[in-house]
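Enquirer: Generate coordinates for the sequence data below:
(one chain, ligands or ions: 2)
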Amino acid sequence: MNTFTDSFTINGITLTAQPICRQNEVLTPDALEFVAKLHRATAARRQELLQARRTRRAEIASGQDPRFLRETEEIRNDPSWRVAPPAPGLEDRRVEITGPVDKKMTINALNSGAKVWLADMEDSSTPTWRNVIKGQLNLTDALERRIDFTSPEGKEYKLRPAGDLPTIVVRPRGWHLPEKHMLIDGEPIAGGIVDFGLFFFHNARRLLAQGKGPYFYLPKIENHLEARLWNDIFILAQDLLGIPQGTIRATVLIETITAAFEMEEILYELRDHAAGLNAGRWDYIFSLIKNFRTRGPRFVLPDRSQVTMTQPFMRAYTEQLVRACHKRGAMAIGGMAAAVPNRKDEAANTNALEKVRADKTREANDGFDGSWVAHPDLVPVCREVFDSILGSKPNQLDRSREDVVPDDRALINVAATTGTITEQGIRNNIEVGIRYIESWLRGNGAVAIHNLMEDAATAEISRSQLWQWMFSSAITDRGEIVTHHWIEELLDEEFARLERFDGDRFEDARDIFEEVTMAQDFPSFLTLPAYARYLTEAREKATVEELAAA
Ligand SMILES: CC(=O)SCCNC(=O)CCNC(=O)[C@H](O)C(C)(C)COP(=O)(O)OP(=O)(O)OC[C@H]1O[C@@H](n2cnc3c(N)ncnc32)[C@H](O)[C@@H]1OP(=O)(O)O
Ligand SMILES: O=CC(=O)O
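Expert: Ligands and ions are numbered 1, 2, ... in the order given. This next block holds a predicted model:
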């Protein structure tokens, strides 16, 4: 068995992880120097912004509801500004497929017929060092059309020989996640800077030569100042590589409750780089629960399955998002319907296709310019729906939604939500939470459970709902009070039911689940303790032979 050397430091940059084969192609001295410069220029501000998140949450907890900001009224009231025009490859975004950047998914997504591929280094990807580095290699290999894969069963995967492949839009990690395998001057760098910086450094020129550009989805932004930080990083990155300002395009996920109050301001901060906003519904629901979790029954939601897009507060959010985008010339991109097709179960498959069709139809009718799908079999459904609305037009930017009145009260009118909390909903949250974390620990950040797509955002809803229901002594449809003791009993029962297998990580998954659900302290993201303590080097260790075979 080969062994690896320990960490090394050069020019203040320390790599602590076991090397990954071909990592030298990604971690070149120049690329490392580049990400270190981005880090050094912005690390202090990132920390301040993370602290500001905690302050904001404390204000909400004390009863101060978010409102449209008075200090940015001028920006909202100024009709004259617009974001940059759509960049090449982003004019028509009627179908966007999302997924992690492992080899097979990369090839399948690029062959899927979608207009855009959201190459996900965030919620559908476990940030093992191996996934981080392999993801970068896969993206560059795909752009060079030299990526291929053979499955253990011998199925061969290659990129389609001809035709226009989807435009790649990379989603780096959010501001909260550190990258513990790369330290700059002894401090962990932000995962998002690693993902953005390495992709940009290696591929910006290649993409321009191919007639497109470096494009990004920005996750979990909580306010316009966080958007400004990304914008400053874009300016610095373009300067450092001598690439014209305004080349980068970013689509911001509006997936935190506080960001929904600053949608126009976020577009304004990024305006020369902005491509649009996306309605990231799952994290949005999580963020609402997280921020209002101690505010009593008025903010308690029913079972996860009943928090649909037609609930009044969700409707207000998506309609106001389309209005804000089209007023500023930015694309409005729809979100992820959770149902995934099942090729082995016809009834489940039909059900998923119908659910997704209904979801995409609502979005297209509301004025969205395109939407997300989680699976290649959903590409045709989404395309058909948007084709029927868009016809030969690439988008419906011309459809202003000035009929929608911006209303900050409506965004948090959670009390108008209908539905119930059920024992089945509680059990489902426990099962999904533990099964998802188990999968995440083995390096798979997205998984289908009961024919629904589960990723970090949906698992966050599961655990935060349980926390809130216990804290609020919520009442089920059958009149039971949701107590700590009852959840513990159900947790034991659900855990005993899990199908175990050799090498599973269910014990660790249960520990993490209990830590982020049952304890009084509420970690702001479940991936933080999971990453810090459970995704450890020893567990990520692999032999050279294993890595070479992968
Ligand atoms: C809330 C948010 O942040 S949403 C965005 C983040 N989440 C995601 O991106 C999840 C994307 N979707 C997925 O990862 C997957 O669809 C899953 C995990 C839900 C299900 O995947 P599987 O269990 O492999 O589904 P299934 O077996 O039906 O897949 C059939 C084929 O489609 C491929 N496939 C499925 N989903 C995708 C995808 N998103 N991209 C590319 N290929 C895909 C599979 O690789 C498989 O290929 P194969 O037949 O060559 O083996
Ligand atoms: O990232 C998207 C979401 O729905 O959450």
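Enquirer: contacts and neighbour counts: CA atoms only from here.
Expert: Noted.
Enquirer: Am I right that Asn24 is in a strand?
Expert: No - going by DSSP: H, G, I helix; E, B strand; the rest coil, the assignment for Asn24 is helix, not a strand.
Enquirer: burial of it, as a residue count?
Expert: Neighbour count for Asn24, taken as other CA atoms under 10 Å: 11.
Enquirer: next one: Glu499
Expert: Neighbour number of Glu499 under other CA under 10 Å is 9.
Enquirer: Please work out which residue of the stretch 401-550 of the chain is closest to ligand 1.
Expert: Across the stretch 401-550 of the chain, no residue is closer to ligand 1 than Val447, which sits at 3.7 Å (CA to the nearest ligand atom).
Enquirer: didn't that residue look like it was pressed against Met453?
Expert: Yes - Val447 is within contact range of Met453, at 6.0 Å (criterion: CA atoms under 8 Å).
Enquirer: Name all residues that make contact with the residue nearest the centre of the chain.
Expert: In the chain, the residue lying closest to the centroid (CA atoms, centre = their mean) is Asp123, at 4.5 Å. Going by CA atoms under 8 Å, 6 or more residues apart in numbering, Asp123 touches 173, 445-446, 455-457.
Enquirer: As a check, name the ranges of all strands in the stretch 301-450 of the chain.
Expert: 331-333, 371-373, 447-449 (DSSP state E, counting those that start in this stretch).
Enquirer: Need the three-state assignment for the closest residue to ligand 2 within the stretch 51-200 of the chain.
Expert: Residue of the stretch 51-200 of the chain nearest ligand 2, by CA to the nearest ligand atom: Asp123 (6.9 Å). For Asp123, the assignment made with three-state DSSP gives coil.
Enquirer: Quick one: closest of the strands of the stretch 301-450 of the chain to ligand 2.
Expert: strand 371-373 (9.2 Å).
Enquirer: Could you give the average pLDDT over the closest one?
Expert: Here strand 371-373 scores 98 as its mean pLDDT.
Enquirer: ditto for stretch 405-422
Expert: Computed over stretch 405-422, the average pLDDT equals 98.
Enquirer: For it, list the C-alpha coordinates in PDB.
Expert: Only the C-alpha atoms of stretch 405-422 are listed here, as PDB (Å, rounded to 0.1, in the frame of the first residue of the first chain):
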ATOM      1  CA  VAL A 405     -47.200  44.700  -5.400                       C
ATOM      2  CA  PRO A 406     -44.000  44.400  -3.300                       C
ATOM      3  CA  ASP A 407     -45.300  43.500   0.200                       C
ATOM      4  CA  ASP A 408     -42.900  42.700   3.000                       C
ATOM      5  CA  ARG A 409     -45.600  41.600   5.300                       C
ATOM      6  CA  ALA A 410     -46.700  38.900   2.800                       C
ATOM      7  CA  LEU A 411     -43.200  37.400   2.800                       C
ATOM      8  CA  ILE A 412     -43.600  36.300   6.400                       C
ATOM      9  CA  ASN A 413     -47.300  35.800   6.600                       C
ATOM     10  CA  VAL A 414     -46.700  32.300   7.800                       C
ATOM     11  CA  ALA A 415     -49.900  32.300   9.900                       C
ATOM     12  CA  ALA A 416     -51.900  32.000   6.700                       C
ATOM     13  CA  THR A 417     -50.300  28.600   5.900                       C
ATOM     14  CA  THR A 418     -52.800  25.700   6.000                       C
ATOM     15  CA  GLY A 419     -52.000  22.100   7.000                       C
ATOM     16  CA  THR A 420     -51.300  19.800   9.900                       C
ATOM     17  CA  ILE A 421     -48.400  18.200  11.700                       C
ATOM     18  CA  THR A 422     -48.700  14.400  11.700                       C
END
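Enquirer: List the buried residues for that stretch?
Expert: 406, 408, 410-414, 417, 420-422 (16 or more other CA atoms under 10 Å).
Enquirer: still on that earlier bit, pick out whichever of the contacts of Asp123 sits closest to Ser112.
Expert: Relative to Ser112, the closest of the contacts of Asp123 is Ala446; by CA to CA it sits at 18.0 Å.
Enquirer: what's near enough to touch the closest one?
Expert: So Ala446 contacts 100, 123-125, 436, 439-440, 453-456 (CA under 8 Å, 6+ apart).
Enquirer: Make a markdown table out of those and add distance to ligand 1 and pLDDT.
Expert: Listed next are the contacts of Ala446 as a markdown table, based on distance: CA to the nearest ligand atom, whole Å; pLDDT from 0 to 100:
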| residue | distance to ligand 1 | pLDDT |
| --- | --- | --- |
| Pro100 | 6 | 98 |
| Asp123 | 5 | 97 |
| Ser124 | 5 | 98 |
| Ser125 | 8 | 97 |
| Tyr436 | 11 | 98 |
| Ser439 | 10 | 97 |
| Trp440 | 11 | 97 |
| Met453 | 4 | 97 |
| Glu454 | 6 | 98 |
| Asp455 | 6 | 97 |
| Ala456 | 7 | 98 |
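Enquirer: which of those lies closest to Ile20?
Expert: For the contacts of Ala446, the nearest to Ile20 is Ser125 (17.1 Å; CA to CA).
Enquirer: Please list all residues in contact with the closest one.
Expert: Contacts of Ser125 (CA under 8 Å, 6+ apart): 100-101, 131, 440, 443-446.
Enquirer: can you pick the most crowded of these?
Expert: Trp440 leads the contacts of Ser125 on contacts (other CA under 10 Å) with 27 neighbours.
Enquirer: Please name the spatially closest residue to it (chain neighbours excluded).
Expert: Leaving aside its chain neighbours, Trp440 sits nearest to Thr126 (5.7 Å; criterion: CA to CA, 6 or more residues apart in numbering).
Enquirer: go on, Ala459?
Expert: Closest to Ala459 by CA to CA, 6+ apart is Gly433, at 5.1 Å.
Enquirer: Okay, now the unreliable bits of the protein?
Expert: 1-6, 162, 537-550 (pLDDT under 70).
Enquirer: so what does the longest helix seen in the chain touch, helix or strand wise?
Expert: In the chain, taking DSSP state H as the definition, the longest helix is helix 29-61. Using 3 or more CA pairs under 8 Å, 6 or more residues apart in numbering; DSSP states H and E as the contact test, the elements touching helix 29-61 are strand 178-184, strand 187-190, helix 191-209, helix 224-241, helix 281-292.
Enquirer: where does the stretch 1-150 of the chain come near ligand 1, residue by residue?
Expert: For the stretch 1-150 of the chain, the contact set with ligand 1 under CA under 6 Å from any ligand atom comprises 98-100, 104-105, 108-109, 123-124.
Enquirer: In strands only, show me the residues you listed.
Expert: The strands, defined by DSSP state E, take in 98-100 from those.
Enquirer: Need the residues you listed in JSON lines (columns: distance to Asp148).
Expert: Below are those laid out as JSON lines (distance: CA to CA, whole Å):
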{"residue": "Thr98", "distance to Asp148": "19"}
{"residue": "Gly99", "distance to Asp148": "17"}
{"residue": "Pro100", "distance to Asp148": "16"}
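Enquirer: now, among those, which is nearest to Leu397?
Expert: Thr98 (22.5 Å).
Enquirer: Can I get stretch 140-147 as PDB, trimmed to CA atoms?
Expert: Below are the C-alpha coordinates for stretch 140-147, written out as PDB (Å, rounded to 0.1, in the frame of the first residue of the first chain):
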ATOM      1  CA  THR A 140     -11.900  21.000 -16.900                       C
ATOM      2  CA  ASP A 141     -11.900  17.600 -18.600                       C
ATOM      3  CA  ALA A 142     -15.500  18.200 -19.700                       C
ATOM      4  CA  LEU A 143     -14.700  21.600 -21.200                       C
ATOM      5  CA  GLU A 144     -11.800  19.900 -23.000                       C
ATOM      6  CA  ARG A 145     -14.100  17.100 -24.100                       C
ATOM      7  CA  ARG A 146     -11.700  14.500 -22.700                       C
ATOM      8  CA  ILE A 147     -14.000  13.100 -19.900                       C
END
